[in-house]
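Trainee: task: produce atomic coordinates for the following.
(4 chains)
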There are 2 protein chains.
Amino acid sequence: MITNRNCIVRLSRYKKALYRFKAMGFVKFFSDTLGEAVGVAPSQVRKDFSLFGISGNRRGGYNLDQLIKKLQNILGKDQIQKVVVVGMGNIGKALISYRGFEKEGIQIVSVFDIDPAKFEKDQTVPVLPLNEFKSFVQDNNILIGIIAVPDIAAQQVLDMMSASGIRGVLNFAPIRLKSDKDTVISNVNFELELENLIYFVNAAEKQELINEDKIA
Amino acid sequence: MITNRNCIVRLSRYKKALYRFKAMGFVKFFSDTLGEAVGVAPSQVRKDFSLFGISGNRRGGYNLDQLIKKLQNILGKDQIQKVVVVGMGNIGKALISYRGFEKEGIQIVSVFDIDPAKFEKDQTVPVLPLNEFKSFVQDNNILIGIIAVPDIAAQQVLDMMSASGIRGVLNFAPIRLKSDKDTVISNVNFELELENLIYFVNAAEKQELINEDKIA
DNA sequence: TAGATTGTTAATCGATTAACAATC
DNA sequence: TAGATTGTTAATCGATTAACAATC
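Mentor: Predicted structure coming up:
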């Protein structure tokens, strides 16, 4: 099993690039065409493909339709992925109003919140009481959950998710969650991203000063 | 100059852990205490410190207050970091209502939008017309910007940011932006994160089936 | 001092890139 | 066929971990 996150991210990027190729009317492509489009070396493309047993045609490159299907299959795009969100705050709202998921086969089927004022049972994406979470998730066989609650509530929500059968969690709360090994957690942390960015901007500014000194 | 993103992420985590140590009344700490708290090897801690010229006391470990100051300094926390947001949608709202930035010295000073209905000049965090962006950013010496607009507008917003003196951009639009080399871009892509998560969940499920087979 | 911990060098590990024989 | 591109092996690169002499 491939455990390298970067490699999977590249597969997603390959897929996106291949959609563009298809829209441009292409029928086949080569490892260097795709590599250039995504910004990686052609040998990286071939290596990634070979890790997943994808093969092309020596001299003839790769068949576009075939590859798109293959990548969709690897990335779980061959069936609709149903996702639930806990927390109907601004993040929750941003997620359900985001139009990009649908075309990627990701479907947010419902949101759960603890605040009765937020319940909306009749919407396309209903907002339901938290105590209906477990039965809903089990009845609908949902594997993926998104935590969009304040950090103080996040661990409790994760525990509930694990206990309900959720196997993958995207966590927006800025804390480090403890989970059993059966649940995969992926964190999105705005604070950390910004702090990182600030470091690199400062570092670049300093570097520039040094370079100017050298020139002067 | 250190260019390893993971290393900087670790520094942020070290800082967070040291805050906790301080809250617990500690005065000094060792590389293995910190390593355990953050989940990295003690030699990794020492290596990271040495990359930034941070030294402790052989046998005596590291002074907590001193290290916190040092890390704050490296991460640009010794002064308030002013940030502007473009796009007053759900992401924009989520960002300005997020309480965690303040204690980290990150201050969102204003949001810009193209829709007059969203302008709110008198708020703590005002929402201003996009055409005031450049002068505002230049007058206030702002280096960091967040793109929270639909993908169709993102490249244009980035170009405006670069032209206004912004040097670091956190991009929430799900497209690959082209920038001049002077501007650092960091992408947050929910779709990509979810796709990734789905892959790893599926992979784990398959792995489990294999394991069950082996046991049976 | 004796013992524990740092700081740094060397070893390991994993991922990316280069090279090239196989082959369509 | 000749030439171009794959698929895979080997080389390189960079980051993490281990080891240990220096030293407080």
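Trainee: the lengthiest strand in chain A: partners in the sheet, and parallel or antiparallel?
Mentor: Looking only at chain A and at elements set by DSSP state E, the strand with the highest residue count is strand A:106-113. Looking at strand A:106-113 with DSSP bridges, its partner strands are strand A:81-86 (parallel), strand A:127-129 (parallel).
Trainee: just checking, next helix/strand downstream of the first one?
Mentor: Scanning forward in sequence from strand A:81-86 by DSSP states H and E, the next helix or strand is helix A:90-97.
Trainee: what's the helix or strand for the nearest residue to A:Leu71 once chain neighbours are set aside?
Mentor: With C-beta to C-beta, 6 or more residues apart in numbering or on different chains as the measure, A:Lys15 is the residue that lies nearest to A:Leu71, at 4.4 Å, once sequence neighbours are left out. For glycine as for every other residue, the C-beta is placed from the backbone atoms N, C-alpha and C. Under the criterion of DSSP H and E, A:Lys15 resides in helix A:5-23.
Trainee: please apply the same query to A:Ile146.
Mentor: Using DSSP H and E, A:Ile146 sits within strand A:144-147.
Trainee: and the helix or strand just after that strand, what's its mean pLDDT?
Mentor: Under the assignment DSSP H and E, the closest C-terminal helix or strand after strand A:144-147 is helix A:151-164. The average of the pLDDT scores along helix A:151-164 is 97.
Trainee: now do helix A:151-164 and strand A:106-113, the angle between them.
Mentor: Taking axes from the mean of the first three to the mean of the last three C-alpha atoms, to 10 degrees, one finds that helix A:151-164 is oriented at 120 degrees with respect to strand A:106-113.
Trainee: close to DNA strand C, is the helix holding A:Lys15?
Mentor: Yes: judged by C-beta under 7 Å from any atom of the strand, helix A:5-23 comes into contact with DNA strand C at A:6-7.
Trainee: state the mean pLDDT of that helix.
Mentor: Taken as a whole, helix A:5-23 has an average pLDDT of 97.
Trainee: which parts of it are buried?
Mentor: Going by neighbour count (16 or more other C-beta atoms under 10 Å in any protein chain shown), the buried part of helix A:5-23 is A:8-18, A:21.
Trainee: elements contacting it?
Mentor: Packed against helix A:5-23, as judged by 3 or more C-beta pairs under 8 Å, 6 or more residues apart in numbering or on different chains; DSSP states H and E, are the following elements: helix A:31-38, helix A:42-51, helix A:64-74, helix B:190-215.
Trainee: what's the following helix or strand after it?
Mentor: Moving toward the C-terminus from helix A:5-23, the next element (DSSP H and E) is strand A:28-29.
Trainee: what packs against that next one?
Mentor: strand A:62-63, helix A:64-74.
Trainee: still on that earlier bit, out of the helices and strands packed on helix A:5-23, flag the one nearest B:Asp115.
Mentor: Checking those against B:Asp115 by C-beta to C-beta gives helix B:190-215 as the closest, at 22.7 Å.
Trainee: off-centre distance for the closest one?
Mentor: The chain centroid and the centroid of helix B:190-215 are separated by 28 Å, computed with C-alpha atoms, centre = their mean, to the nearest Å.
Trainee: and the angle for that helix with helix A:64-74?
Mentor: Here the directions of helix B:190-215 and helix A:64-74 differ by 70 degrees (the same axes, to 10 degrees).
Trainee: who's in contact with A:Ser137?
Mentor: Careful, residue A:137 is Val and not Ser. For A:Val137, the residues meeting the contact criterion (C-beta atoms under 8 Å, 6 or more residues apart in numbering or on different chains) are A:84, A:145, A:161, A:164-166.
Trainee: make TSV out of the residues you listed and add distance to DNA strand C and neighbour count.
Mentor: Supplementary listing: the contacts of A:Val137 in TSV, determined by distance: C-beta to the nearest atom of the strand, whole Å; neighbours: other C-beta atoms under 10 Å in any protein chain shown:
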residue	distance to DNA strand C	neighbour count
A:Val84	31	23
A:Gly145	26	28
A:Met161	27	27
A:Ser164	31	16
A:Gly165	29	15
A:Ile166	26	27
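Trainee: most widely separated two among the residues you listed?
Mentor: For the contacts of A:Val137, with distances taken as C-beta to C-beta, the pair at the greatest spread is A:Val84 and A:Gly165 (11.1 Å).
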